[in-house]
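Chemist: Quick one, structure for this:
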Amino acid sequence: MNESALLAILLSLASAAGYALAAVGQSRLAAQGGGGLGKLLTRPLWWWAVGLNAAGALMHVAALHYGPLTLVQPLGALTLVAALPLSAYYERRRVTRREWRGAAWTLAGLAGLIAVTGPATPGDALSLREALAIASTTALLLAFLVRAGAHSAHGGRLGLATASGVASAVASALTQTVTASLAPELPGAALAWWQTTLVAVLVATFAVGGLLLSQSAYRGGLAAPLAVVNLANPAAAAVIGVALLGESFHGGPLGWAIAAASASVAARGVMMLTGATPAELPTELPTAEPAHLPA
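Modeler: Numbering: from 1, shown residues only. This next block holds a predicted model:
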């Protein structure tokens, strides 16, 4: 593993930690009845979560500068693993055995994916036409998921979580295009300034949209929707990376088989974490506020 790949992994881990802290904060807001966007803007905890998400996003952008989407995006699933002890700490409980087993399965699957990840250099960037096509297709998909979720309770939260994961993955892919345009040494043709600005606006739109969708999904609990977010995110990113960015896996057919098996292992871990939610997690948060997070 070369220095670029190692740096991409370290930045991805730091990004996952920031996202995990933000998710815990958002979950606490949802449990306290966070309300609409107007009410959220008056809550210090919301701005704490926004700041942590922004820090995680900046480190994610930096990771994409040194590694391909197929390497960086699966590591985002570690957000779920980091959120387990953090959430348990703020909820004054212990992490259950099922949650630890799910975390172990998730880590094993991620290790397999990293082992067969393609060359540790960023893939080719999206063209403006590809970026606009992905953005419009994703917007339609998100509208469908949100509309379908309006007619369902538990399934609606998971639909919102899926939409959040897809939105975040698209924001990452578009971020790689902006990064490649601003850094001439990276693969991909440089865009005109107005084209780069347009793609950057799309990045901000999908990033903010993913944040608000996840906030709505966390009503009723953190583990299940966060698990779905972290499953949908790398899945959507892998589709974009392989189909449009020229990224692949080592070892030819064997590498693809290992990647598929590793993805199944990681998915099993995520599903174990999801299944632990209804029976094992507390339904109410304690009234005492930890000193670290604003109320």
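
Chemist: where does the stretch 51-200 of the chain have low pLDDT?
Modeler: 117-124, 150-155, 183-190 (pLDDT under 70).

Chemist: can you map out the helices along it?
Modeler: 69-75, 78-90, 97-115, 128-149, 154-182, 193-217 (DSSP state H, counting those that start in this stretch).

Chemist: neighbours of residue 143, just the number please.
Modeler: When neighbours are counted by other CB atoms under 10 Å, residue 143 registers 11. The C-beta positions use only the backbone N, C-alpha and C, and glycine is treated the same way.

Chemist: Actually, residue 196.
Modeler: 17.

Chemist: That one is in contact with residue 179, isn't it?
Modeler: No - taking contacts as CB atoms under 8 Å, residue 196 lies outside contact range of residue 179: 10.1 Å.

Chemist: Just the element for residue 234, please.
Modeler: helix 223-244 (DSSP states H and E).

Chemist: Give me the neighbour count for residue 129.
Modeler: Count around residue 129 with other CB under 10 Å applied: 8.

Chemist: With residue 136 as the reference, measure out to it.
Modeler: Counting by CB to CB, to the nearest Å, the separation of residue 129 from residue 136 is 11 Å.

Chemist: Return the most buried member of the helices of the stretch 51-200 of the chain.
Modeler: Comparing these by mean neighbour count (mean count of other CB atoms under 10 Å), helix 69-75 ranks first with a mean of 26.

Chemist: Who are the packing partners of it?
Modeler: helix 3-31, helix 44-66, helix 97-115, helix 154-182, helix 223-244 (3 or more CB pairs under 8 Å, 6 or more residues apart in numbering; DSSP states H and E).

Chemist: Out of those helices, the one nearest residue 216 is which?
Modeler: helix 154-182 (5.1 Å; CB to CB).

Chemist: What is the distance between the closest one and the centre of its chain?
Modeler: Between the centre of helix 154-182 and the centre of its chain there are 7 Å (CA atoms, centre = their mean, to the nearest Å).

Chemist: Measure how that helix sits relative to helix 44-66, angle-wise.
Modeler: 50 degrees (axes from the mean of the first three to the mean of the last three CA atoms, to 10 degrees).

Chemist: Let's have the helices and strands packed on helix 69-75 in a markdown table, adding distance to residue 208.
Modeler: Below are the helices and strands packed on helix 69-75 laid out as a markdown table (distance: least, CB to CB, whole Å):
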| stretch | distance to residue 208 |
| --- | --- |
| helix 3-31 | 13 |
| helix 44-66 | 9 |
| helix 97-115 | 27 |
| helix 154-182 | 9 |
| helix 223-244 | 15 |
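
Chemist: before we move on, the earlier item: tell me the buried residues in the helix holding residue 234?
Modeler: 223-238, 240-242, 244 (16 or more other CB atoms under 10 Å).

Chemist: re the thing from before, out of the helices of the stretch 51-200 of the chain, which gets nearest to residue 51?
Modeler: Among the helices of the stretch 51-200 of the chain, helix 193-217 sits nearest to residue 51 (CB to CB), with 11.7 Å.

Chemist: Could you list every helix and strand in contact with that closest one?
Modeler: helix 3-31, helix 44-66, helix 128-149, helix 154-182, helix 223-244.

Chemist: Tell me the spacing between the closest residue to residue 65 other than its chain neighbours and residue 242.
Modeler: Excluding the flanking residues, the one nearest residue 65 by CB to CB, 6 or more residues apart in numbering is residue 179, at 5.6 Å. Computed as CB to CB, the residue 179 to residue 242 distance reads 19 Å.

Chemist: Same check on residue 60?
Modeler: Distance from residue 60 to residue 242, by CB to CB: 19 Å.
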